[in-house]
Every structure is written in C-alpha cells, then in structure tokens.
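>>> no sequence on this one, just coordinates:
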C-alpha cells in the first residue's frame, strides 16, 4: 500500500505553560498598578494648605483669610456641618499660624501633633461645631527647653570638624513639645558623656546647619526620619555628612548612652548574671589570672559609659559582671561574698582570700581608684606577659635590679583544680605572714626566717603560680618526666597533684658581657634574635616535699635562700622552654562584650529604613510598568520564534502510518552516527563520476 504523507497540526501549548511563561510581566504589571493606586496616594497625602484650599507655602495672612472664609461658610450653614472636616481645618489653621510650627512644617514636614485630630474626633463625636473647645494645639513654654549645653550656630559649626574629640549633636525646635520633654534627659546624657564627647544643640532655625544633617527623600525634600529631637554623633576628623552616625532608637537615657558607648565608642558591655548562671557562665568562662569584679545593682540599670571605659582599660587585669540585688537572695550573697546590701562592689582575687567589698554608690574617681588598688591578684600568675615583671625569667631580669646576682622565684604548679586552689591559698598565707614580719624589727622575730624575710623585702624573692595544663613544656622542664605525672599537661585521670618549687637564678656576668659584644659585632637581626633567646642566668631548682603547713614552708624557703646565698650550688644553663602566650581575648568576646541580637536587628531595620526613603519615589510605578511591557514583548517574541522553528522541523519528517522497511531500519543507525560525528562522510565511487573516467569496452568473448 502506498504511503500517504500527512502533516498533523502542531500541538497547542497548555494553559499552565502559558501562565507560567507570562507570570513575570503579570506580577510586574500588578505591582505597578498597586504602587500607583495605593502607595503613591498614601505617600503624598493632602497637605494642610490643601485643607485650607490655598497654595503651598502661603503666608500667615493668607492662612488666616482662608480660615475666616471657610469658617463663615460653616457658621452660615451654606455647607453641611461636618465636625471631622472642621477639625482638620482648625488644626491646619493653628499649625500654620504658629511661626515655629509653620517653619518646621514647610522646611522638614514636621507635624508631631497630628494624632490630636483622631483624639478630637473621638472626643467630639456627635457634637456640633459650636460645642468644640479651642485651641486644639498647645505650644511649649519658651523656658521649657534647658540650654545649659552649648547651642551651636552656623558660625560655630565649622569649628566642630577639626576637634579631636567626639561630638554629640541634638537637633531641636523651640516649638516642639517632644524636644521640651526630652530636655531633662538630654542634660543627664550630656553629664554621663562629658568625659568622652562634647555635646551641643542646633536649633532648626539654623537652616544651613539643620539641612546638613537631615535625610533627603527621592524628590530632594529634606526630612527627619524619626522626627525631632534628632541625635547625631560626629567622630574626630569627620568632615562630611557620610561619616555622621544617627541615633534611630527610643529617646531614653539608657538607650542613647548605650548606643553611644557601644556603636560610637566601642566600649565593652558588662552583662548581668543570676545566682545560677554566675559560676558556669562567668567564673567558668573567664581567665584564671584575672580579678573578678562583681557589681551589685538594686535597680538593674546598665553600666555607665565611664564604668565600661574602666572595664576596657583594665581588660588585662579583671573581668566584670553585674548582679541584680534581690532581698530573697540576700542571705546567699552574704554567705558567698559578704555583701549586705546594694549597691556594692566585690573584688575576688585569689582562692581562699577574703573578698574586698565596698558598700554604697561610688562616683567615677572613687571607682577608678578602687579599681587601681585591687587590680592585681595576691599571688600573680606566671605567664609570658608577666615573666619579666615577676623576675621569673632566665634572661637575666630581676625585680631587685640588674646589680643583683642571685634571686629566687617560688612557683606553685598544677592544673586548675581544688588541689591547686588549696596550694595557692597556702602560699598566699605564707606570703602575707612573711610580709608582716618584714615590716617590723627583725631582731624581735624568729632569726631562722631572716633570710626569706630579707629576700622578700629586697624583692629578691617572688611568689607566683603556674597553669601547668597550659604550660606543660615549661612544667616538665623543671619537674622532669617522672615527677610531672599528675601535674603537667592534660588531665588523664582523677588525680591532680599541685607542687611547689623554688628556682634560684644566678646571673652570669661573663655571658652578659659576651652577649653585649656579640650584639655589637653582628648586625644581623637573626643573630640578635638568637642571642636574645639564650638564657643569661644559671638556674638551680628545688622542690618542696613536706606538708602543707605554713610555718614548715616558710622554714624550707629560708633554708633554700640561705644555702643559695652562701654556697656554690650547681646550676644549669640549658635553654628554658618559652611560656605559651595567652590567647588574645578580644574586646568583643562572648564573656564580656556580646553584641545583643536586638542591636543586630536595629542595624537591619536601619538598612531597611534607609531603603524605605525611596519607596515613595513617583518614578517607581512607571519603571515597573515599563519593565512589565518589556518582559511581555520579550517573552512573546521568543515563544513565536520557537513556534516558527518547530513548524519546518515537523514538515521535514516523513509522516507514514506504515512501519519502516528493513533497509530503512538498517540505515538509521548509520545516519545517527554520522549526524553525531558532525563530519561529512567520504564520497563513494557511485556518488559522482571521477574526472577523466571512461568506459572499458567488453571483449567479444564476454559479449557472447
């Protein structure tokens, strides 16, 4: 049966695929219509001049004339009385006849009393115009705003920028009720920040200065995003408005000072802890060598900027925490730290050492002096930063001076544990007892302790403790492999052994002279570093093996110092392992300066707030409509081209209802291979006649 070629019509696209293809232009078109019908009208509501049916920025006389004309119509009942509409007219009249309110409204769109219209509508619902009480608006008294801080004029503004100190500027209006209410809080803020920043005020009447600070809408009109008063911080060296920092939060003393201390001054926060979280979250996460400063507050106020500055300055010495005082927990704090009431400050130094407690409020100077007197532990920790200061260093430094030949360092070694705490407590008692004996006449005291008392008095003896878990190499160097088990390195079992040893340092003057000569001879920095790292003092180590008795330890120390000063003891000059440097604890660490989630949210909201300025741009609607039309045309054109390309491809394909023949099936794989290879097949002899070809004649025999 002969094959009948047929060309079936191309299948029509489904409705779902069509909707999916044109979804983008539909969404853009809907957004454009929504923006033009709803967003733009709300972004540009009728002004108070429109309510009075006069031109914008009309004079006060024109406002009064327009109001009198409208009022006469209402009173003559030419128009139907509508209390709601009349309240809008009366509000616009009172606002625009006040010079300060009119100025703020015309320049910056400030209308902070607009809520009064809604309140008046509820109050006068169902009443006549004759029953309304006027005036609706109340202006603040002229003396309600305190001008104790510097009032900055346009001529003074240029002197702010070269100042090396921070500036906190308040933009205010003499006719603003909000500014009058904020006046007392501003004076308190200025007093709290007096040590950190200069404070000043700019009245909106200083037009050139005010416009320098404000935001601008997409139309170019200046405005205050959060109204007035508005606060700005000017960093030192700032000369353009781009480096100003605007406060966008709630206008309270706590919020403003916290913003300035955290975001502008970069001061650490002092966190509050409860009775349950103090030990695991404060004691357990702060460095062992730091003094713990606990401040008890009765009201739960945030730390002042000055207190946070002290916390930053003494970061290497102390960790700070706040506790909210509750009467039901008073017995607990009394037993723990000896705190009787709040406010109070507690200094925790060493294990077993009585806390230093100061009851009552303190001013800045008293807090600073108290902090300075209690910043050190009674028994300091031997660290890489303190080894030279304590004299426990083989490079030849002694607290008694470079003229001292022999000096000693008594070190309590152990992992952070109860055993180490007990040994530290014992050493503190020994040190305190020897210090008291050095202050009285030595002839009246036990002469057997004279060597150790004299060494402590002349700074030839230093007491310290070492974290042997962190300083394991340093610990093993002095104790040896056998004695270091249970003391040095990571804890492997349940046993912790705290040990006491004394290191006797003997200055090697010949080595010092050689070192000086080598440094003058060699100019290479590498050689100088190698010479600096060599030990310049011989060391002799003695370990204590007695009981934890104070007098016994004192006698042992006295015998060690006596022998060390009088006898020629053996010593070694091996290279001592370096102390492992402490991890640098950043100022924004988890334990001291956490960035609250609400601060992050404020920054995110601030970014969206900056973008919201452009939401009322009248150009956005036409742009969305143009984008919808372009995307619609692009999608239609692409789909049309695809349909045209698909039509010829269908017509080229043979249409037959009969199955292909055997020869066709055999040839198809070859065709597919050729199509995939993308190369032309070599021509066969029968494809085209070669040049100079001829037909060979057949012989007679073959023809027969």
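That came through fine. Because the structure is a prediction, the values reported are computed rather than measured.
>>> so residue 309 sits against residue 266, correct?
No. Assessed by Cβ atoms under 8 Å, residue 309 is found out of contact with residue 266, at 10.5 Å. Just so you know, the C-beta spots here come from the backbone N, C-alpha and C atoms, and that holds for glycine as well.
>>> among these two, which residue is more densely surrounded?
In this view residue 309 and residue 266 are compared by other Cβ atoms under 10 Å, and residue 309 has more residues nearby, 19 against 12.
>>> ok, and the closest non-adjacent residue to the more buried one?
Once flanking residues are discounted, residue 309 sits nearest to residue 267: 5.8 Å by Cβ to Cβ, 6 or more residues apart in numbering.
>>> residues contacting the one you found?
Applying Cβ atoms under 8 Å, 6 or more residues apart in numbering, we find residue 267 in contact with 261, 305, 308, 309, 311, 312.
>>> which of those sits closest to residue 438?
Closest to residue 438 out of the contacts of residue 267 is residue 311 (34.5 Å), distances taken as Cβ to Cβ.
>>> tell me the secondary structure at that closest one.
Three-state assignment for residue 311 (DSSP: H, G, I helix; E, B strand; the rest coil): helix.
>>> my read: it touches residue 295, true?
No. Using Cβ under 8 Å, residue 311 makes no contact with residue 295, being 10.0 Å away.
>>> overlap in contacts, those two.
Common contacts of residue 311 and residue 295 (Cβ under 8 Å, 6+ apart): 270, 303, 320.
>>> stretch 458-473 - what's its average pLDDT?
For stretch 458-473, the mean per-residue pLDDT is 91.
>>> tell me the first helix or strand C-terminal of whichever strand or helix holds residue 254.
According to DSSP states H and E, residue 254 maps onto helix 253-259. Using DSSP H and E, the next helix or strand after helix 253-259 towards the C-terminus is strand 272-273.
>>> show residues contacting whatever helix or strand comes next after that next one.
With elements assigned by DSSP H and E, the helix or strand that comes after strand 272-273 is helix 278. For helix 278, the surrounding residues in contact (Cβ under 8 Å, 6+ apart) are 294, 321, 323.
>>> I'd like the distance between residue 121 and residue 24.
Separation of residue 121 from residue 24 (Cβ to Cβ, to the nearest Å): 44 Å.
>>> typo on my end, it should be residue 407
Distance of residue 407 to residue 24, computed by Cβ to Cβ: 82 Å.
>>> give me the below-cutoff pLDDT ranges for the stretch 1-150 of the chain.
The stretch 1-150 of the chain contains residues with pLDDT under 70 at 1-13, 43, 75-81, 141-144.
>>> what about residue 541, distance to residue 355?
As judged by Cβ to Cβ, residue 541 and residue 355 stand 34 Å apart.
>>> buried residues in stretch 238-258?
Across stretch 238-258, burial judged by 16 or more other Cβ atoms under 10 Å covers 238, 245, 246, 247, 248, 249, 251, 253, 255, 256, 257, 258.
>>> which pLDDT value belongs to the first one?
What the model reports for residue 238 is a pLDDT of 79.
>>> and the helices in the stretch 1-150 of the chain?
Assigned by DSSP state H, counting those that start in this stretch, the helices in the stretch 1-150 of the chain fall at 15-21, 23-34, 40-43, 48-51, 60-75, 83-97, 99-108, 115-123.
>>> which strands and helices lie in contact with the first one?
Helices and strands in packing contact with helix 15-21 are not found; criterion 3 or more Cβ pairs under 8 Å, 6 or more residues apart in numbering; DSSP states H and E.
>>> repeat the analysis, applying 10 Å as the threshold.
Contacts defined by 3 or more Cβ pairs under 10 Å, 6 or more residues apart in numbering; DSSP states H and E place helix 15-21 against helix 620-652.
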